[in-house]
Structure formats: C-alpha cells, structure tokens
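Participant: With the input below, show me the fold.
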Amino acid sequence: MASPPTTAHSDERPLDLERRYPALGRRLREIRRNLEATLGEPISQEEMVDRLYTLDPDGVRASQPSVSRWESGKERPNEATLLAYARLAGEDPRRLLHLGGYGFAEDDLPEVSQPRSPSAGLRRTWWRLLGVSAGLAVVALLIAYALRDDAPSRAAIRDGRLDVFAGDRVLWSRQLGEDVQQVVEPLVVDLDGDGRKEVVVGIDTVFPPRWGGRLVAFSGTGARLWTFHYGRPLKIGERSFTPHFASHHLVWLDQGPTPYVLVVSHHVHWFPTQVVLLEPATGKVVAEYWHPGYLEGLEVFDVGADGTPELLLSGVNNPGDGPGRAALVVLDLPFAPASEPDAVFGFVHARERQYLLFPRVDLQDATSTMAIALGVTAETKDQIVVQVATPDRHDLLLYSLNADLVVTDLRVADSFVRMHDRVLDHRYDPSELEAWERVDRFRRAPDANRLGEGAGAGVGPGIVEDAEGSP
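Facilitator: Next up, the predicted model:
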C-alpha cells in the first residue's frame, strides 16, 4: 500500500530533507546574521540555543545540531521555538510559522502595503487637482526633511530593541534580542571630536546571564563602530571566575583635556569589579582597575583642591569569607599605573591614589550584616558625603569629609538607632561616634576580611603613610 502524502503540518520527514523548509532555513540564518551585524561579533549556533532558551525555557526545544539542521532547511523547529526566533528578530511570528508549515496561509500574513491603482472612472480634472496636491505635499516633505535635525539626542532599550531619537522622533532602531535589558543609561556624545554625536550602549542580558555583557558604539546613523566586553576570566588564588560581568556605571568623563568613556562592571555572582577607561573613538582600553568588592557610588571630585579632579568610587571591600567593610576608592584621571601586582588579585593593574575603609559598628557585628558605602556625593567643591548602608539600603551612617578626605562630621540615621536599641543589649550612646569616626587608609586595597591575620595584613588602624611620608 502506498504511503499517504506528507503534508506541511506533518512531523514525518520526507525523503528529500534538503528541500523541505529552504525558505525557513534562509530566514533563520538571516536572523542570526542580523544579530551578529548588530553586536559586531560572531554568534555561534550554540549561543543561539542559549538565547532561545532564555526567552522560553519551557517551550523551546533546541540544540546546536538542531540549529544547524534548521538553518540548512532539513527540519523545522517547534512552534514555541519559532516564536522565540520571532522575538529575537522583532518581527511578526506569523511569517515564520507559515514558512514552517504551521497553518498560516498567505492571506493570514501581515500585509505589505502596495500602491493602489486609480479608479478608471475618475475625471481628468480630479487627476489634475490630485497632481497639484501631490506636488505641494512633495515640496512640503522636502522642506521638512531639509529643516529636520537628524542628530541623535537620546537612546533607550525597550523590549530588547535599541531606539535612537532626535527629539521625540525615532531616527533608527536595532533589534538586540528580547533577553537584553537596559541597565545603564546609553551615552549620546561626540566620541571622535568631529562635531557629530555617536551612541554608546551597554548590552546586558536578563539575570542570570548566559554570556557576558558588552558596550557597543554606533555612529549617528546606526553603523557599528566598536565593541568592548566587560571583564574577563580570572583566577585569584585557588578560585576561578567566569567572564560573566554586568555593567553598573557608564559615564562620559570630559572634565580634563582628554575625554574618556568610563565603564564600571561587576561579576554577576562574586566580588571582582572592573573599572575601565576607554578611548572614545576606538573603544581601546586606556587604563584598568580591579576592586575586591562591588562599587555602587561614583563621583568626580577635586581631592586636595589642587585643580585636578579625581574619580571617587564607593562600595564594599569583601573578597572572601566575612562581611567586609565599606570602602572609598580614589583614582587619578587617567588611572595611575602600578609597578607590581596587588595583594588581592595578584596581577598588575592601576593603583589607587588613596584607599579608605570605614569602621564596622557594633550593630553590624551583632547581626553579621554587610555595610556598603552606597553613595558618594560632592555636596560642595570642598565637601563630600559618604552614605554607609546595608545592602537592602537601610541607612546606617552619613560621613562628611573635606577636600583632604578627613572626616569633619558623622551622623547616625534614625533607622540605625531603632535597630541598634532593638538588637543589642544596650541603648545607643552618642559617645560611640568617636570610635566610628576613625577611617583607616591604605596604599593599596587590602582584603578587609583578613586585616590583622598575618603577613601583609597588619597595617593597623589610622592613617598609613606612603614611602614619602605623606598621608
């Protein structure tokens, strides 16, 4: 008995596998190539599997060999996988489903607008009026086009799509994939000094990421200029770290004679944080600094009031077991190079101009709570305020420091007093502030969890003098 004919909806494969879904295979290859063009780097079939599973981990059925078969037209993905492909491409899913034989006829597909033929019964006078109106409309459009501003003014990532605006008008868009979210505000600046603005975008995936984040710079018309990947694989002592980093700050630094793109990114699970200055026109690394703990706050401030601004970064020093301590990093602009590896990371990177650790308070010790220098703000040209808080943003202490980074005032948050009196066996006494005002200073960032535990850690409290004897 002859076998029944195979329909487009059957899951049985015909003998001529190579010609079953050729149009679908071409379109799936185009989607992957378009993502590569947008991101400026190859995307393997295995990475496409990761992206598809991120969008629908329950419905997608994919592997690297299956992606290869789909792109060659030998097989078709299931419907959920085709829907994920459509979301990556930012297109109507019906056409992909139609190409895959999932029940959409040509009449069901999104219409492509076609010029309509005129009615044969229109009078000649009507056509003359229509011609005049069309001519006026064309003139108006040409005038509007000549007067419009095509310089990008802002950019945003929404639903995995990058939109670049001139005022309220979208200049151009790029589909980045629905798993991409906006973590940092895109920059719209003149990267190369030619008077025209470019766009720098941080591309981060939804948590947990399946690959590391990156910066991509585009011209004002949407051409990709350069790409920079956050972080890199690290081995620190016996621990190894994957290159899965996410952006936290993206800043245009133009306070000095040479502008830089600054990006701060941290590992998605562990303590390493990378701070990088990039050459704006090329994306090349100018200087790199690594910190043993997350850095939350950022400010540019003239330390020492010498007319040269420095970069201040606040966060937590917590590279190992233990609650760590709130920290403030001071870096020269550009970062000062180091001549030898540091004690925590074990490799050479930029060195600090100053490094401050804030004391732990008795409430932290009683509750084993981490304290983070959550924010650093220049209140005036001669004073900064450092906000020390818990990770869930309950304020503990507010430090005021002068231009020489000496503590001039310390205030306790109301919530801290209430927590202190509820948890500890004694009520808060303002005299405790005196001990908490003492900030420890270091030449290089130590491991705050190992201070006093052995060689290289016994720097002790108070100001540590450098080789020249100056604090």
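
Participant: how does the protein divide into domains?
Facilitator: According to automatic domain parsing, the chain is divided into the following domains: 17-107, 140-283, 294-452+461-471.

Participant: Could you tell me the average pLDDT over the first one, please?
Facilitator: This means domain 17-107. Taken as a whole, domain 17-107 has a mean pLDDT of 81.

Participant: Give me the pLDDT value at residue 364.
Facilitator: For residue 364, the predicted pLDDT is 73.

Participant: Show the contacting residues for the nearest residue to it once chain neighbours are set aside.
Facilitator: The shortest distance from residue 364 to any non-neighbouring residue, by CB to CB, 6 or more residues apart in numbering, is to residue 371 (5.5 Å). Every residue, glycine included, has its C-beta placed from N, CA and C. Counting by CB atoms under 8 Å, 6 or more residues apart in numbering, residue 371 makes contact with 316, 323-326, 358, 360-361, 364, 388-390, 396.

Participant: Backbone dihedrals for residue 371, please?
Facilitator: When quoted as degrees, to the nearest 10, the phi and psi of residue 371 stand at phi -120, psi 130.

Participant: Tell me if residue 60 really is in a strand.
Facilitator: No: going by DSSP: H, G, I helix; E, B strand; the rest coil, the assignment for residue 60 is coil, not a strand.

Participant: Use 32 as the first number for this chain going forward.
Facilitator: Happy to do that; since the first residue is 32 now, the last one works out to residue 91.

Participant: Can you give me the neighbour number for it?
Facilitator: 20 (other CB atoms under 10 Å).

Participant: measure residue 97 to residue 105 for me?
Facilitator: With the distance defined as CB to CB, to the nearest Å, residue 97 ends up 10 Å from residue 105.

Participant: Wait, residue 253 touches residue 195, no?
Facilitator: Yes: under the criterion of CB atoms under 8 Å, residue 253 makes contact with residue 195 at 7.1 Å.

Participant: Overlap in contacts, those two.
Facilitator: With CB under 8 Å, 6+ apart as the test, residue 253 and residue 195 both reach 202-203.

Participant: How many residues are close by residue 317?
Facilitator: Using other CB under 10 Å, residue 317 is surrounded by 16 other residues.

Participant: so which strand or helix has the residue lying closest to it once chain neighbours are set aside?
Facilitator: Leaving aside its chain neighbours, residue 317 sits nearest to residue 308 (4.3 Å; criterion: CB to CB, 6+ apart). Per DSSP states H and E: residue 308 is located in strand 303-309.

Participant: Given that strand, what are its sheet partners and their directions?
Facilitator: strand 291-298 (antiparallel), strand 316-323 (antiparallel) (DSSP bridges).

Participant: Return the most buried member of those strands.
Facilitator: Counting by mean count of other CB atoms under 10 Å, strand 291-298 has the highest mean neighbour count of the strands paired with strand 303-309, with a mean of 24.

Participant: okay but the residue nearest to residue 317 is in contact with residue 315, surely?
Facilitator: No: judged on CB under 8 Å, residue 308 makes no contact with residue 315 at a distance of 10.0 Å.

Participant: and these two? which has more neighbours close in?
Facilitator: Taking neighbours as other CB under 10 Å, residue 308 and residue 315 compare with residue 308 leading, 24 against 11.

Participant: Quick check: the more buried one vs residue 364, distance?
Facilitator: 8 Å.

Participant: Pull up the overlap in contacts between those two.
Facilitator: Contact criterion CB under 8 Å, 6+ apart; residues shared by residue 308 and residue 364: 284, 291.

Participant: how about residue 71, what does it touch?
Facilitator: Residue 71 is in contact with 247, 255, 257-258, counting by CB under 8 Å, 6+ apart.

Participant: Who wins on neighbours among the residues you listed?
Facilitator: residue 247 (23 neighbours).

Participant: related to what we said a few turns ago, let me know the closest of the contacts of residue 71 to residue 85.
Facilitator: residue 247 (18.8 Å; CB to CB).

Participant: Was I right to think the closest one contacts residue 229?
Facilitator: No: between residue 247 and residue 229 there is no contact under CB under 8 Å: 10.8 Å.

Participant: joint contacts of those two?
Facilitator: Joint contacts of residue 247 and residue 229 (CB under 8 Å, 6+ apart) do not exist.

Participant: can you pull out the strands in the stretch 282-431 of the chain?
Facilitator: Here the stretch 282-431 of the chain has its strands, by DSSP state E, counting those that start in this stretch, at 291-298, 303-309, 316-323, 326-332, 341-348, 356-362, 385-388, 403-411, 414-420, 426-433.

Participant: Pipe the contacts of residue 402 into a markdown table and attach neighbour count and distance to residue 298 per row.
Facilitator: As requested, those are exported to a markdown table (neighbours: other CB atoms under 10 Å; distance: CB to CB, whole Å):
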| residue | neighbour count | distance to residue 298 |
| --- | --- | --- |
| 347 | 28 | 13 |
| 354 | 16 | 18 |
| 355 | 25 | 15 |
| 356 | 25 | 19 |
| 357 | 31 | 19 |
| 389 | 28 | 23 |
| 391 | 17 | 24 |
| 392 | 21 | 27 |
| 395 | 19 | 24 |
| 419 | 27 | 23 |
| 420 | 22 | 21 |
| 421 | 19 | 21 |
| 427 | 24 | 25 |
